[in-house]
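Q: Would you be able to build a 3D model of this:
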Amino acid sequence: MDLQGDELTDAVVDSFGGSRRYRELMSSLVRHLHAFAREVDLTEDEYFKAIDFLTRTGQISTGTRQEFVLLADVLGLSMLTVGLGNKKPPEATQSTVFGPFFVEGSPEVQLGDDISNGAPGQPCLVSGRVLNTKGEPIAGALVETWQADEDGFYDVQKDLDAPQNRAHLTTDADGNYRFWAVKPVAYPIPDDGPVGELLRAGERGPMRPAHIHFMVTAPGYARLITHVFANGDEYLDTDAVFGVKQSLIADFTEHQEDGKTFYTVDYDLVLATTEEAQQ
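A: Residues are numbered from 1 along each chain as shown. Prediction:
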C-alpha cells in the first residue's frame, strides 16, 4: 500500500502472471506508460480526456469501420508493425498497411471480370502476375482486392445492396491475375470521429494517395498485404498513414478507344516463401 513512483510501477509489473511472452508484453507496456506519464507530467484532466477519446474510439467502431485501426495507422504504429513483421528478401513485394476497410466474404470473380459493379469512376484494367522470388509463376494464388471509387468512398461506407470494387480471384497456370475496376483516386480517411479530431488538433491532413489494396496468399508462401499506388499523385509524400513505398508506385496509363477513356496498370506481386520470410 501507499505505493508511488517506481515502487508503484514495479508492483504493477510484478502483479502479472501468465505466459512468458504475456509478462514480457505487459511489463514493457506498463513501464513505458508510466514513463510517458512522468515525462510529460500528465494531469488528471488530460488523463480523463484520453479515456474519453479511447471510449469514443471504441463506440464509433463497427464491423465495417475500425477506428482503432485508423488510430494505429495515423500514429504510424501500423507501418512500424508492418516493418517488424515483414523481413522478407528484397525481391519480394513490400508490404504496407492493411487499412480499416477489408471485409471477409468478398465476391469471387474470374480473370478479366469487372468488379466495379456500378461504382462511379473511369474504367481501369488491373493486371499482373503473382510470382515467387525466383521469378516463377504461382498458380492458384488467392488474390483479394478492394479500393475506393471516384468519389473516394469504399463500398462499406455507402448504403449498398452489393459490394463494389471488392472481390477475390485465383491466378491461372502462368500466375496471371486480371480484373476491371475503376481508376483509384486520392481520398481522405474518415475524419468525422476521434481520429479526425486528433489530426485537426495536430494540424495534419487526412488525405491518402490513390491506391488499390491487395492481399495475396498461396500454400507455402508468406501472406502479402500491400497497395499499388498511382504514380504522380500529389499526396504520395504526405500519406496520412505513412504507407507509401517507392517500389509500390506504378503508372496508370490512359487510353482512348472509340471515343471512350480507360486506364491500365500492370504490376507483378512477388511472394516470399514461408522459409524466406523467417530468415
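
Q: For M26, see how far away L33 is.
A: Distance, L33 to M26, using CB to CB, to the nearest Å: 10 Å. For glycine as for every other residue, the C-beta is placed from the backbone atoms N, C-alpha and C.

Q: and these two? which has more neighbours close in?
A: Neighbours around L33 and M26, counted as other CB atoms under 10 Å, are more numerous at M26. The numbers are 16 against 13.

Q: And that one, what's its pLDDT?
A: In this prediction, M26 carries a pLDDT score of 97.

Q: what's the closest non-adjacent residue to it?
A: Of all residues not flanking M26 in the chain, F16 sits nearest, at 4.7 Å (CB to CB, 6 or more residues apart in numbering).

Q: Show me which parts of stretch 105-118 are buried, residue by residue.
A: Residues S106, V109, I115, S116, N117 are the ones in stretch 105-118 that count as buried (16 or more other CB atoms under 10 Å).

Q: Can you flag which of those residues belong to helices?
A: Assigned to helices by DSSP state H, none of the buried residues of stretch 105-118 qualify.

Q: JSON lines for these, including distance to V126?
A: Shown next, in JSON lines, are the buried residues of stretch 105-118 (distance: CB to CB, whole Å):
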{"residue": "S106", "distance to V126": "15"}
{"residue": "V109", "distance to V126": "12"}
{"residue": "I115", "distance to V126": "9"}
{"residue": "S116", "distance to V126": "11"}
{"residue": "N117", "distance to V126": "15"}
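
Q: which among those gets closest to I225?
A: Closest approach to I225 among the buried residues of stretch 105-118 (CB to CB): S106, at 14.6 Å.

Q: Contact partners for that closest one?
A: Shown in contact with S106 (CB atoms under 8 Å, 6 or more residues apart in numbering): E144, W146, P163, R166, A167, H168.
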